[in-house]
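Peer 1: build me a model:
(2 chains)
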Amino acid sequence: MNPRLARLLTRLYPRAWRERYGEEFEALLELGPGDLRTLANSVWSALWEQIVRTRGDNMEQQPESFVTMVKRPSAFLPVAMSVVCLAMLLGAIAIGLLAHNPIHRDPDEGAIAHLFQLLMTIQMPIVLFFAAKWLRRAPRASLRVLALQAGAWLAACAPVYLLHL
Amino acid sequence: MTHYSDPPLLVLACLASGPKHGHAMIEDITQLCGARLGPGTLYGAIARLEQLGLIEPLPPDERRRPYRITSAGLRVLRAKLTTLSKFARAGLRRLEPFMKQVRA
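Peer 2: Now for the predicted structure:
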């Protein structure tokens, strides 16, 4: 294969991978045929390596588990915000029930509604940050955390939707 | 369906006969089972096996780096091949009646 093409294909891989395997991989490509099958195989493998990294600068790092992942602030903060929202709503509903006025609406929506909107909105960029940072590095664990975040978000929204608050 | 393709297992089996670099592995695997691994597939398997400690790199020979199988790799290879062998024997036994019908 043409050395230029071999270099170009090697550059498709993540930097950490190239630092470890780049030179030998390039040498292997140069030795082999530059046919379409080799090109497709190299491009596909490079793209896959970009998504699910097997190699990097930290070879000793253990795969991220769900428990270690969920301890990261960008993982648990959105869940905590949703839980706070849900607790506020349930608290307000309980107080309303005790006062025989289940759904009390202030003309300006009230402090609880404002807090709810604020917390539910603020967590969006945090979730996006988490997904952008961890989805490629540890797809399985981060997908589970994202599912947890989505579940907590939906649980917090459920009373608003079901009770037309 | 004519070629067996489990890249990590093929790499382990290939290295069982001694250390090899990438190009030699591709040639050896082609002879071993008829499957010609693409360079990306080969290095995907090498990276995973190295991460698992089943193979290890040796000092580079110019731009090429040979790899050798570790003792853990040998154990995994043996276990996988034993399972495959049992599976193949059982599968062939089940095929025998059909093969007799075909011959008859």
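Peer 1: contacts, neighbours, all on C-alpha from now
Peer 2: OK.
Peer 1: how close does the spatially most central residue of chain B sit to chain A?
Peer 2: Central residue of chain B (Cα atoms, centre = their mean): B:L10, 1.3 Å from the mean position. B:L10 is 17 Å from chain A, where distance means Cα to the nearest Cα, to the nearest Å.
Peer 1: residues contacting B:P7?
Peer 2: With contact set as Cα atoms under 8 Å, 6 or more residues apart in numbering or on different chains, B:P7 has these partners: B:37, B:41-42, B:45.
Peer 1: by neighbour count, which of these wins?
Peer 2: B:L42 (23 neighbours; other Cα atoms under 10 Å in any protein chain shown).
Peer 1: confidence score at A:A113?
Peer 2: In this prediction, A:A113 carries a pLDDT score of 83.
Peer 1: please identify which helix or strand holds it.
Peer 2: helix A:110-134 (DSSP states H and E).
Peer 1: okay, buried residues for that helix please.
Peer 2: Buried residues in helix A:110-134, counted by 16 or more other Cα atoms under 10 Å in any protein chain shown: A:113, A:116, A:119-120, A:123, A:126-127, A:130-131, A:134.
Peer 1: just checking, what packs against that helix?
Peer 2: Packing partners of helix A:110-134 (3 or more Cα pairs under 8 Å, 6 or more residues apart in numbering or on different chains; DSSP states H and E): helix A:73-98, helix A:139-162.
Peer 1: could the ones you listed be laid out in CSV, adding mean pLDDT?
Peer 2: Listed next are the helices and strands packed on helix A:110-134 as CSV, based on pLDDT from 0 to 100:
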stretch, mean pLDDT
helix A:73-98, 87
helix A:139-162, 89
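Peer 1: pLDDT weak spots in chain B?
Peer 2: Counting by pLDDT under 70, chain B contains low-confidence residues at B:1-4, B:104.
Peer 1: for the lengthiest helix in chain B, name the packing helices and strands.
Peer 2: Secondary structure assigned by DSSP state H gives helix B:71-103 as the longest helix of chain B. Judged by 3+ Cα pairs under 8 Å, 6+ apart, helix B:71-103 is in contact with helix B:7-15.
Peer 1: just checking, next helix/strand downstream of the helix it packs on?
Peer 2: Heading C-terminal from helix B:7-15 (DSSP H and E), you reach helix B:22-33.
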